[in-house]
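A.B. asks: Task: produce atomic coordinates for the following.
(one chain, ligands or ions: 1)
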Amino acid sequence: MKNVADFIAKTTRELQAQIGDKKAICGLSGGVDSSVAAALVHKAVPGCLTCVYVDTGLMRQNECREVEEMFTGQFKIPFIRVDAVDEFLLKLTGIIDPEAKRKIIGETFVRVFEREAKKRGDAECLVQGTILPDIEESAAKTWVKSHHNVGGMPETMTFTELVEPLRTLCKDEVRQVGLELGMTNFMVFRQPFPGPGLAVRCLGEITAEKLDILRRADDIVTGALDELDIWQYFAILTGLRSVGIKNGKRVYGHVIAIRAVSSVNARTAEWFKIPYDILSRLSKRLTEEIPEVCRVVYDITDKPCGTIEWE
Ligand code: XMP
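C.D. replies: Modelled structure (predicted):
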C-alpha cells in the first residue's frame, strides 16, 4: 500500500461495485482487522451491513462485554452478539489435531453467520477481515496453518460474495487504514487475537474446565504485561501435567507457558525479553492464584521457527 487515502478511495469503489444493493454480514472478532473491514464496508455502502460477533466460548475473560461496548461505542453499525458456546464446544469435543480444530472452528463460524444472514433478509455477502499473512500461511505452497477465515472455510456456503477488502495488506497497514478512518488508538492498537481464540492456545482436547483455567491464567499474564509495550502477549495451557508441591502436599498440576513477542507484520517475530522481576512475580501469581497450575515456563522461540500461536 503506497498511500492510505488512495487505498481507501480505490477500495470504496471496489466495494460499491461488489456489494451494490445486496445486504452483508460481517464476522466481527473485535480485533483490528475485522473492525477496519466493517468500517470500510459501512463507509462504502452505508446501511448494507450487520456485524455479527460470535461468543464461541473461546474468548478471553470479559472479552464479549468489552468488544460489544467498544464497537457499539465507536460505530453506528447494527451489531448482534450470538451465543454459540455450546455449539462450538460440542463440535470440538475429542478433537486434538490443531488443523482439525481450525477447520471445525472455521466451518462453525460460517454456519452461525449463515443462520444470521437468513434472519436478516438473506444477506448474500460475508465480510471478513482477512489479511495477507492469513492467506500466505494457509496457501498450499507455503502452508503453515489454516487460518480460520481462509483454509478453515467450508467448501460450500450460502453466501454468494466473500468480501475481503484487506486481503492485500499486513497488520501494520491495516492499522494505518483504521487511523485514517478515524478509529480510536485503543481499537487500532489492540493486540491481535486469533479468530479461533483460546482454542489455539489450549493444547490437546478442549474442555470447558481447561478453558476456564486458561482464561484465569491469561488474565493474570496480560494484566501484568499491559504496562510494557509488547506487540502480542498471552498465556498457553500447554496440555502438560507436572509434579509440584502446594501447601506441603504433592500436586500433579497444569503447566502454563508465557508467550510475548515483538513483531511488525506477524510474518516474523522475536521473543520479547520480559524483565526477570516481572517474570518472577508472574510465576508466583499463576501458581498461587490458580490452584490447578503448578508450573510456569517462558517461551523463548522466535518466528520462525515457532509460529506466534502454539497451534
Ligand atoms: P502465527 O501463529 O501464524 O500468527 O504466527 C500470526 C498472527 O496471526 C494470528 N492468527 C490468526 N488470526 N485467524 C486469525 O484471525 C487465525 O486462524 C489465526 N491464527 C493465528 C496470531 O494471533 C498472530 O497475531
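
A.B. asks: interface residues of the stretch 1-150 of the chain facing the ligand?
C.D. replies: 134, 137, 145, 147-149 (C-beta under 6 Å from any ligand atom). Where C-beta positions appear, they are placed from N, C-alpha and C, glycine not excepted.

A.B. asks: Can I get those residues in JSON lines including distance to Asn3 and neighbour count?
C.D. replies: Formatted as JSON lines, these follow (distance: C-beta to C-beta, whole Å; neighbours: other C-beta atoms under 10 Å):
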{"residue": "Asp134", "distance to Asn3": "23", "neighbour count": "26"}
{"residue": "Glu137", "distance to Asn3": "27", "neighbour count": "18"}
{"residue": "Lys145", "distance to Asn3": "32", "neighbour count": "20"}
{"residue": "His147", "distance to Asn3": "27", "neighbour count": "22"}
{"residue": "His148", "distance to Asn3": "31", "neighbour count": "30"}
{"residue": "Asn149", "distance to Asn3": "26", "neighbour count": "28"}
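
A.B. asks: Which members of the residues you listed occur in helices, if any?
C.D. replies: 134, 137 (DSSP state H).

A.B. asks: Confirm that Glu173 sits in a helix.
C.D. replies: Yes. Counting by DSSP: H, G, I helix; E, B strand; the rest coil, Glu173 is located in a helix.

A.B. asks: How far away from the center of its chain is whichever strand or helix holds Phe113?
C.D. replies: Here Phe113, judged by DSSP states H and E, is contained in helix 98-119. Average the C-alpha atoms of helix 98-119, do the same for its chain, and the two points are 14 Å apart (C-alpha atoms, centre = their mean, to the nearest Å).

A.B. asks: Check which residues of it are buried.
C.D. replies: 98, 101-110, 112-114, 116-117 (16 or more other C-beta atoms under 10 Å).

A.B. asks: Nearest to the ligand among those residues?
C.D. replies: Arg102 (6.0 Å; C-beta to the nearest ligand atom).

A.B. asks: hang on, isn't that closest one packed against Asn149?
C.D. replies: No. Contact between Arg102 and Asn149 fails when scored by C-beta atoms under 8 Å: they sit 10.1 Å apart.

A.B. asks: Tell me which strands the very next helix or strand once past the helix holding Phe113 pairs with, and in which orientation.
C.D. replies: Proceeding N to C from helix 98-119, the next assigned helix or strand is strand 125-127, under DSSP H and E. Strand pairing for strand 125-127, determined by DSSP bridges: strand 24-28 (parallel), strand 161-163 (parallel).

A.B. asks: can you redo these as CSV with mean pLDDT and mean neighbour count?
C.D. replies: CSV is the format used below for the strands paired with strand 125-127 (pLDDT from 0 to 100; neighbours: other C-beta atoms under 10 Å):
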stretch, mean pLDDT, mean neighbour count
strand 24-28, 96, 27
strand 161-163, 96, 19
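
A.B. asks: can I get those strands in TSV with distance to Val54?
C.D. replies: Below are the strands paired with strand 125-127 laid out as TSV (distance: least, C-beta to C-beta, whole Å):
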stretch	distance to Val54
strand 24-28	7
strand 161-163	17
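
A.B. asks: just the strands in the stretch 201-311 of the chain please.
C.D. replies: For the stretch 201-311 of the chain, the strands defined by DSSP state E, counting those that start in this stretch occupy 232-246, 249-262, 270-271, 293-298.

A.B. asks: can I get those strands in a markdown table with distance to the ligand, mean neighbour count and mean pLDDT?
C.D. replies: A markdown table is the format used below for the strands of the stretch 201-311 of the chain (distance: least, C-beta to the nearest ligand atom, whole Å; neighbours: other C-beta atoms under 10 Å; pLDDT from 0 to 100):
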| stretch | distance to the ligand | mean neighbour count | mean pLDDT |
| --- | --- | --- | --- |
| strand 232-246 | 5 | 18 | 98 |
| strand 249-262 | 8 | 18 | 98 |
| strand 270-271 | 12 | 14 | 98 |
| strand 293-298 | 18 | 20 | 98 |
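
A.B. asks: quick one, what contacts the most centrally placed residue in the chain?
C.D. replies: Taking C-alpha atoms, centre = their mean, the centroid of the chain lies closest to Pro194, which sits 2.2 Å from it. Contacts here follow C-beta atoms under 8 Å, 6 or more residues apart in numbering; on that basis Pro194 touches 147-148, 200, 309.

A.B. asks: ok, of the residues you listed, which one's closest to Ser263?
C.D. replies: Nearest to Ser263 among the contacts of Pro194 is Glu309, at 12.3 Å by C-beta to C-beta.

A.B. asks: Could you export the helix or strand of the chain with the lowest mean pLDDT as CSV, CA atoms only?
C.D. replies: Lowest on mean pLDDT, DSSP states H and E among the helices and strands of the chain sits helix 132-138, with a mean of 91. The C-alpha coordinates for helix 132-138 follow below in CSV (Å, rounded to 0.1, in the frame of the first residue of the first chain):
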residue,chain,number,x,y,z
LEU,A,132,-2.3,-11.1,3.6
PRO,A,133,-0.4,-13.2,6.1
ASP,A,134,-3.6,-15.3,6.8
ILE,A,135,-3.7,-16.1,3.1
GLU,A,136,0.1,-16.8,2.8
GLU,A,137,0.1,-19.1,5.8
SER,A,138,-3.0,-21.0,4.5
